[in-house]
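J.: coords please:
(one chain, ligands or ions: 2)
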Amino acid sequence: MDKLLIRGERRLQGEVIISGAKNAALPEMCAALLTSEPVHLHNVPRLHDVATMRRLLDNMGVHTETHGERGGMSFQAPDSLNPEAPYELVKTMRASVLALGPLLARFGRAKVSLPGGCAIGSRPVDQHIKGLQAMGAIITVEHGYMHASLPEGARRLKGARITTDMVTVTGTENFLMAACLAEGETVLENAAMEPEITDLAEMLIKMGARITGHGTSRIVIQGVDRLSGCEHEVVADRIEAGTFLCAVAATGGEALLRHARADHLGAVIDKLKEAGVEVACEGNGLRVRSSGKLKAQSFRTTEYPGFPTDMQAQFMALNLVAEGTSVVTETIFENRFMHVNEMLRLGAHITTDGRVATIEGGRRLTGATVMATDLRASASLVIAGLVASGETLVDRIYHLDRGYDRMEDKLRSLGADIERVSA
Ligand SMILES: CC(=O)N[C@H]1[C@@H](OP(=O)(O)OP(=O)(O)OC[C@H]2O[C@@H](n3ccc(=O)[nH]c3=O)[C@H](O)[C@@H]2O)O[C@H](CO)[C@@H](O)[C@@H]1O
Ligand SMILES: C=C(OP(=O)(O)O)C(=O)O
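T.: Ligands and ions are numbered 1, 2, ... in the order given. From the prediction side, this is the model:
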């Protein structure tokens, strides 16, 4: 199992290119299921999750191909395929649930494994099921699988008004994709507004979908009979960009993050500025500059455009070395503080009470062996390792590889002393 060995206390300096977003590429790969014509994606990040999604599509009978250096990937989903997502592939990746909506909309049936219990919370899919049922789908859950079909005689899903109990990102994406090929109008109330949803909607519009309101909490879709192929560039990964912002800031460094978008990182940039970090747009990216003297910041995770839960752990790592006490409240997932115990091993002072963590900043961190427990927890431990004295060994980085495109190479290009150790 691979580990990352970090020798800390080096300022990060230079420039890196931010990759395409995991959370946009994965639904966009599933969107290729909606048409028999070729779909070409560019800027697809090199991630384990992308490889898993490709295997999932290959396994169904989709023709997939990679080309070029710039993350080019093509997909062609024939009219006849096996609309199944087996447990072996779904268990490692929550986003597999995104196959459900497109399969049902185009093929009228799907068998998708329930995603396995994930470390950050129970993450049920009840809203996905409820929404697709409102569109006429018959869905039963048996032996760990969702079996979905259309009522006898029906050829398509039907447009519906769907109001989810909570804002759900992949739920919104599933309904959006399903509604494109449904009969009539679908209205998504309480829709998620994340930039990845806007990017997916823009791709679907290129395919001929009729969508308005994406980027707001009310999306309206007029179903069409068929969709065509398209060419689409995956939006830059705001969470990867936010992670590098925190890493550079925590080490008192300076860097240019090419392709990072300030308009997608408002809440994180505001907090960084309050912490004393300079962040400014430069060319098609963001320049970050930090003196290393930081003020700890309290925050609460909420849906976009609020502070992203996917940045909570990385900003907590920055708070460890900032002066003052901060209070971090996680409102999206019930179990997303697993990095805390590992940070304690590095000398951090943190107490937790349910979904609230209190961090006493300004402590000297000392390197230790720590265990990555989930994707963003891993990134936060890497950041902490970059500022800690001595050596930090981050174990179980397969979590990190799920969602970061060659992170150690990018950090090394900024001057970090970091290497992958294969046991
Ligand atoms: C592949 C992808 O895009 N993953 C992102 C997506 O995950 P994902 O789409 O799985 O997260 P959701 O937005 O659906 O989850 C929000 C909350 O709603 C709950 N819920 C959701 C659906 C449902 O049917 N029932 C239910 O109870 C979840 O357990 C969670 O507490 O959004 C999360 C929240 O921004 C991010 O952390 C993930 O990186
Ligand atoms: C939780 C995350 O991803 P996923 O939904 O794919 O587990 C994440 O990207 O931080």
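
J.: list phi and psi for residue 211.
T.: Phi and psi for residue 211, reported as degrees, to the nearest 10, are phi -130, psi 140.

J.: show me what contacts it?
T.: 176, 180, 201, 204-205, 219-221 (C-beta atoms under 8 Å, 6 or more residues apart in numbering). Yep, even glycine has a C-beta here, placed from its N, CA and C like the rest.

J.: what bridges to it?
T.: With DSSP bridges as the criterion, residue 211 is bridged to residue 221.

J.: still on that earlier bit, using a markdown table, lay out the contacts of residue 211 together with pLDDT and distance to residue 40.
T.: A markdown table is the format used below for the contacts of residue 211 (pLDDT from 0 to 100; distance: C-beta to C-beta, whole Å):
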| residue | pLDDT | distance to residue 40 |
| --- | --- | --- |
| 176 | 98 | 20 |
| 180 | 98 | 18 |
| 201 | 98 | 18 |
| 204 | 98 | 15 |
| 205 | 98 | 16 |
| 219 | 98 | 25 |
| 220 | 98 | 27 |
| 221 | 98 | 23 |
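
J.: can you pick the most crowded of the residues you listed?
T.: Most neighbours among those, by other C-beta atoms under 10 Å: residue 180, with 30 neighbours.

J.: got a list of what the closest residue to that one other than its chain neighbours touches?
T.: Closest residue in space to residue 180, ignoring its immediate chain neighbours: residue 209 at 4.1 Å, by C-beta to C-beta, 6 or more residues apart in numbering. With contact taken as C-beta under 8 Å, 6+ apart, residue 209 is in contact with 180, 201, 221, 224, 227.

J.: mind doing that once more with 10 Å?
T.: 31, 34, 176-177, 179-181, 201-203, 221-224, 227-228, 230 (C-beta atoms under 10 Å, 6 or more residues apart in numbering).

J.: likewise residue 276?
T.: 249, 290-295, 297, 322-323.

J.: among the contacts of residue 209, name the ones in strands.
T.: 221-222, 230 (DSSP state E).

J.: which of those sits closest to ligand 1?
T.: residue 221 (18.5 Å; C-beta to the nearest ligand atom).

J.: pLDDT wise, what is residue 118 at?
T.: Note for residue 118: predicted pLDDT of 62.

J.: in JSON lines: the contacts of residue 211, plus distance to ligand 2.
T.: Formatted as JSON lines, those follow (distance: C-beta to the nearest ligand atom, whole Å):
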{"residue": "176", "distance to ligand 2": "17"}
{"residue": "180", "distance to ligand 2": "22"}
{"residue": "201", "distance to ligand 2": "19"}
{"residue": "204", "distance to ligand 2": "20"}
{"residue": "205", "distance to ligand 2": "24"}
{"residue": "219", "distance to ligand 2": "20"}
{"residue": "220", "distance to ligand 2": "26"}
{"residue": "221", "distance to ligand 2": "23"}
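
J.: per the record, what domains does this structure have?
T.: 2-19+236-422, 22-233 (automatic domain parsing).

J.: list the contacts for the residue of the stretch 1-150 of the chain found nearest ligand 1?
T.: Of all residues in the stretch 1-150 of the chain, the one sitting closest to ligand 1 is residue 127 (3.1 Å; C-beta to the nearest ligand atom). Applying C-beta under 10 Å, 6+ apart to residue 127 gives the contacts 162-168, 170-172, 174-175, 190.

J.: that one: helix or strand, and which one exactly?
T.: Element membership for residue 127 (DSSP states H and E) is helix 126-134.

J.: for that helix, the distance to its chain's centre please.
T.: 22 Å (C-alpha atoms, centre = their mean, to the nearest Å).

J.: quick one: mean pLDDT over that helix.
T.: Mean predicted lDDT for helix 126-134 stands at 98.

J.: what comes up buried for the next helix or strand after that helix?
T.: Proceeding N to C from helix 126-134, the next assigned helix or strand is strand 138-142, under DSSP H and E. Neighbour counts using 16 or more other C-beta atoms under 10 Å place residue 139 of strand 138-142 among the buried residues.

J.: neighbouring strands of strand 138-142 in the sheet, and parallel or not?
T.: strand 145-149 (antiparallel).

J.: what residues of the partner strand count as buried?
T.: 145-146, 148-149.

J.: can you check stretch 113-130 too?
T.: 113-115, 118, 120, 123, 125, 127-129.

J.: same check, this time on stretch 186-205
T.: 186-188, 190-205.

J.: ends of that stretch, how far apart?
T.: End-to-end distance of stretch 186-205 (C-alpha to C-alpha, to the nearest Å): 15 Å.

J.: are any of the contacts of residue 276 buried, and if so which?
T.: Buried subset of the contacts of residue 276 (neighbour count, 16+ other C-beta under 10 Å): 249, 290, 294, 297, 322.
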